[in-house]
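Student: Give me a 3D structure for the following:
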Amino acid sequence: MQAVRDWDLYAGVPLGALIERRSLRQIDFAPARPALIRRAVGQAPAGSADMERIGTPAKGLPALEWLLWQAPLKLATPECAYAVQVAADIDREATQLQRDADAAAAREATPEEATAAFAELLNQWVGSSERLRWADLDKPRREAASRGEKDTPPAWPRALSGQTSAAWAAHWQALARLAAMAGSAAPAPGAVLVTLEAYLRGRGLIALADRWAARVAATGAAVDAIDPARPATLDQAVRELTQTKRLAEDEVAAALDVRMGFSDADGD
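Tutor: Next up, the predicted model:
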């Protein structure tokens with residue numbers, strides 16, 4: 001479970017090598033596709049070459065979660081053997097992702113590259129906040145309600161392993177650590193992580209920075225308070241995330257000279 005939590009925190013706002021390698025799809029294709037997983041089990045892949053011939057929807061963390069939790073996994077079974085292969089496949093992609101990310105971090109960016117990277121960061125931040133609001137929180141319960149499945153819980157992320165709340169928390173933590181300063185102190189010169197709030201304050205936009213920090217704090221409190229058994233808490237979190245996205249798009253982006261585009265999270 002620690003690996004999944006670390007991944008949710010790392011991939012919460014996809015940037016750089018995560019995007020270039022399409023690692024989010026490779027490692028965390030969702031939702032799991034049981035029919036395709038069963039078919040892959042029957043193919044009995046052994047090693048990386050065989051796993052390359054297995055489609056992405058039958059691999060990754062959701063597939064591994066399904067193999068481990070949808071029914072007791074017994075040793076020395078085809079399902080157990082395939083789970084080992086899925087885990088090894090995740091490890092290979094994660095290792096290469098780390099290498100590519102380290103190589104990119106070691107290279108000094110040009111001013112033009114840095115400007116483009118910052119614009120990408122804000123766009124991905126907004127897209128990720130929308131993914132949390134819609135794909136993770138609002139869409140599953142709306143789909144369950146439309147099907148009239150009163151006794152079937154919504155298809156929350158990490159539901160089989162009982163880690164839904166942890167996944168929501170990690171996703172928001174990934175957003176929050178890029179959005180606002182944890183305390184009142186400004187980041188030290190040369191600090192690796194400079195938040196959007198710090199950029200606003202660096203430009204003298206103190207009032208906007210204060211409103212942004214307060215908006216991020218309110219959203220974090222709402223996300224932390226989510227109880228799936230209490231729909232009102234979900235409604236509140238969705239509202240807060242909507243307001244935070246709107247402030248980011250309408251005011252923060254303009255103040256930081258960033259043009260907003262479209263991301264995978266846009267739309268239905």
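
Student: only C-alpha atoms for contact and neighbour calcs from this point on.
Tutor: Noted.

Student: for residue 100, what are its contacts?
Tutor: residue 17 (Cα atoms under 8 Å, 6 or more residues apart in numbering).

Student: mind checking which helix or strand it is in?
Tutor: Using DSSP states H and E, residue 100 sits in helix 78-106.

Student: Give me the next element, helix or strand, following that helix.
Tutor: Where DSSP H and E defines the elements, the next helix or strand beyond helix 78-106 is helix 111-130.

Student: Quick check: buried residues in that following helix?
Tutor: 119, 120, 121, 122, 123, 124, 125, 126, 127, 128, 129, 130 (16 or more other Cα atoms under 10 Å).

Student: cool, and stretch 236-256?
Tutor: By neighbour count on 16+ other Cα under 10 Å, the buried set for stretch 236-256 is 236-238, 240-242, 244-245, 247-249, 252-253, 256.

Student: Mean confidence (pLDDT) on it, please.
Tutor: Average pLDDT, stretch 236-256: 97.

Student: Kindly report the same for stretch 216-233.
Tutor: Mean predicted lDDT for stretch 216-233 stands at 95.

Student: centre of the chain versus that stretch, how much separation?
Tutor: Remark: stretch 216-233 is offset 18 Å from the chain centroid, using Cα atoms, centre = their mean, to the nearest Å.

Student: measure residue 39 to residue 79 for me?
Tutor: Using Cα to Cα, to the nearest Å, residue 39 is found at 11 Å from residue 79.

Student: How about residue 161?
Tutor: From residue 161 to residue 79 the distance is 17 Å (Cα to Cα).

Student: got it, and residue 116?
Tutor: Taking Cα to Cα, one finds residue 116 at 45 Å from residue 79.

Student: Measure how far stretch 227-244 is from the centre of its chain, please.
Tutor: Averaging C-alpha positions (Cα atoms, centre = their mean) puts stretch 227-244 18 Å from its chain's average.

Student: hmm, who's touching the helix or strand containing residue 201?
Tutor: Here residue 201 sits within helix 196-202, counting by DSSP H and E. Applying Cα under 8 Å, 6+ apart, the contact partners of helix 196-202 are 178-181, 186-187, 206, 208-209, 212-213, 252, 255-256.

Student: ditto for stretch 212-221
Tutor: Here stretch 212-221 makes contact (Cα under 8 Å, 6+ apart) with 172, 176, 179, 180, 181, 197, 237, 240, 241, 243, 244, 247.

Student: Out of those, flag the one nearest to residue 145.
Tutor: Proximity of these to residue 145 (Cα to Cα) peaks at residue 237, which lies at 18.4 Å.

Student: who's in contact with the closest one?
Tutor: Residues near residue 237 by Cα under 8 Å, 6+ apart: 133, 219, 222, 223, 226.

Student: if you set the cut-off to 6 Å instead, what comes out?
Tutor: For residue 237, the contact set (Cα atoms under 6 Å, 6 or more residues apart in numbering) comprises 222, 223.

Student: Residue 51 - how many residues pack around it?
Tutor: By other Cα atoms under 10 Å, the residues close to residue 51 number 21.

Student: Phi first, then psi, for it.
Tutor: Per-residue torsions, residue 51: phi -70, psi -30 (degrees, to the nearest 10).

Student: same question, residue 54
Tutor: Phi and psi for residue 54, reported as degrees, to the nearest 10, are phi -90, psi 130.

Student: Can you tell me the element the residue nearest to it when sequence neighbours are not counted falls in?
Tutor: Closest residue to residue 54 apart from its sequence neighbours, by Cα to Cα, 6 or more residues apart in numbering: residue 40 at 6.6 Å. Assigned by DSSP H and E, residue 40 belongs to helix 34-43.

Student: Sounds good, over and out.
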